[in-house]
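Asks: build the 3D model from these lines:
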Amino acid sequence: MGCMLERAWNEPYGTPHGMSPADFSGTSDDTNDHYLVPDGDADADDSFVYLDLFGVSAALSDMTGSSDPGDGEYGRPNGTVDSDDYFYFLDQYSAAANLGRNVLSAGHDGATASHRAGNLRNRRGLAGYEWDPHVRRYHVRNRVLYPEIGRWTRRDPMGYVDGMGVYEHAQSATATLADPYGLFAASRPGDNWACEYTLYRCRQDDPAVRQIQESLDACSPGFVYNIRCASDVNGFSYYNCSANGKASEREILILPGSTCDVLVHELSHALDDCRSGGDCSHTTDPPTHPGEDRPTNCNKKVCTELRAYNRAGQCCTGGSRRLPGETACECLFRQARRSVEPDNCRGLPMLLESARKRCVSLGDSPCPLEIGQCIRQPFPWNPRRSGDAAGTTASGALNGTLRGA
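Replies: Residues are numbered from 1 along each chain as shown. So this is what the prediction gives:
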């Protein structure tokens, strides 16, 4: 049977308050709403309440199997309420003064109490952050949090991923958000935590991601786009050049579980968008300009899909989209065709063939020897249609979006 050795609560920005197991109630008046509601302070009210409960409520008054701090049963309820429980309560009551604000665990403030709760030396505080009582800060993997002011002690290594406040903790919304890596705020543990961290590592360590980000910076320093993980993206990642219905807002949505090549693919779409003036003219539905017909947009869509799969190396040997026994050219043709087919572009095989030399560049590819065959020889007219590579899903187009990675 388990036992409660200590409780704690945190202020909105994370300053911890250690609470004693002897803190039972905020009042000894059983008609008061705060009866049996701990108030963070072990005082006479708690003593009276424990005496009220003693022998009446075993669930609350059974605290230990022994009153000897050296006994293995000390602090472990044994299903019997007796004098050992009362003496244990007195131990906790007398040690309660060692807890309080900025003291997460009694063992960290120099207390010499022999009871087990006083020597826990627990450091795990707000959102699982590691509390350092000596400097009264939280260590959170990549940064240090100063909870008194709700700010980090240095800038966000990921830049402006959480907005303009690069020192701000969890977007100042700690009731609903946390930042377990010290890099970005997220709403809850789950797939998105791992996905966001994967994106961070890709942007820091993957040469292909860094290269295409440098190309984006060179294209237009003012070209703004947001990258985020989203589990509600219909089974694939995509670039949305008109997020929230606004042409000025662009975002890359990455499906949890994706790898760095998917990020390169979607960044490639952002680069094409930037080089076209940021007008979303490489999408197919609807045409961007009043005088632009659908086939023109299809040409641009075919081209940008070929470039994205080529830049990401997804059709190279060992690439995530290449089927067993398939050549790089067959893979490029199949993937680009699947990405554009839902747009009902007329003469799609001819569109792909016309884009072959114009849009596939050896300089963009991590496997130029394989991709060179695609430039020298026509695309296969009947590529394998048995399905996609593992983890690949059908792709298409939404208004102002590019899909398929």
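
Asks: helix, strand, or coil at G18?
Replies: Each residue gets one of three states, and G18 gets strand by DSSP: H, G, I helix; E, B strand; the rest coil.

Asks: ugh, wrong one, A308
Replies: helix.

Asks: for the residue nearest the centre of the chain, what are its contacts?
Replies: With distances taken as C-alpha atoms, centre = their mean, the residue of the chain nearest its centroid is W193 (2.7 Å). Applying C-beta atoms under 8 Å, 6 or more residues apart in numbering, we find W193 in contact with 180-181, 186. All C-beta atoms are positioned from the backbone trio N, CA, C, and that covers glycine.

Asks: got it, and E196?
Replies: Applying C-beta under 8 Å, 6+ apart, the residues near E196 are 181, 183-184, 186, 228-229.

Asks: tell me where the stretch 51-200 of the chain has helices.
Replies: 58-61, 83-95, 191-205 (DSSP state H, counting those that start in this stretch).

Asks: please identify the buried residues of the shortest one?
Replies: Of the residues in helix 58-61, those buried under the neighbour-count criterion (16 or more other C-beta atoms under 10 Å) are S61.

Asks: same check on stretch 72-92?
Replies: So for stretch 72-92, counting by 16+ other C-beta under 10 Å, buried means 74-78, 81, 84-86, 88-89, 91-92.

Asks: please save the CA atoms from it in PDB.
Replies: C-alpha atoms of stretch 72-92 as PDB (Å, rounded to 0.1, in the frame of the first residue of the first chain):
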ATOM      1  CA  GLY A  72      10.700   0.100   6.800                       C
ATOM      2  CA  GLU A  73       7.000   0.400   7.700                       C
ATOM      3  CA  TYR A  74       7.500   4.000   8.800                       C
ATOM      4  CA  GLY A  75       5.200   6.200   6.600                       C
ATOM      5  CA  ARG A  76       3.400   3.200   5.100                       C
ATOM      6  CA  PRO A  77      -0.300   2.800   6.000                       C
ATOM      7  CA  ASN A  78      -1.000  -0.700   7.300                       C
ATOM      8  CA  GLY A  79      -4.800  -0.600   7.500                       C
ATOM      9  CA  THR A  80      -4.800  -0.200  11.300                       C
ATOM     10  CA  VAL A  81      -5.300   3.100  13.100                       C
ATOM     11  CA  ASP A  82      -3.400   3.100  16.400                       C
ATOM     12  CA  SER A  83      -0.900   5.100  18.500                       C
ATOM     13  CA  ASP A  84       1.800   4.700  15.800                       C
ATOM     14  CA  ASP A  85      -0.300   6.800  13.400                       C
ATOM     15  CA  TYR A  86      -0.700   9.600  16.000                       C
ATOM     16  CA  PHE A  87       3.000   9.700  16.800                       C
ATOM     17  CA  TYR A  88       3.700   9.800  13.000                       C
ATOM     18  CA  PHE A  89       1.300  12.700  12.700                       C
ATOM     19  CA  LEU A  90       3.200  14.600  15.400                       C
ATOM     20  CA  ASP A  91       6.500  14.000  13.600                       C
ATOM     21  CA  GLN A  92       5.000  15.500  10.400                       C
END
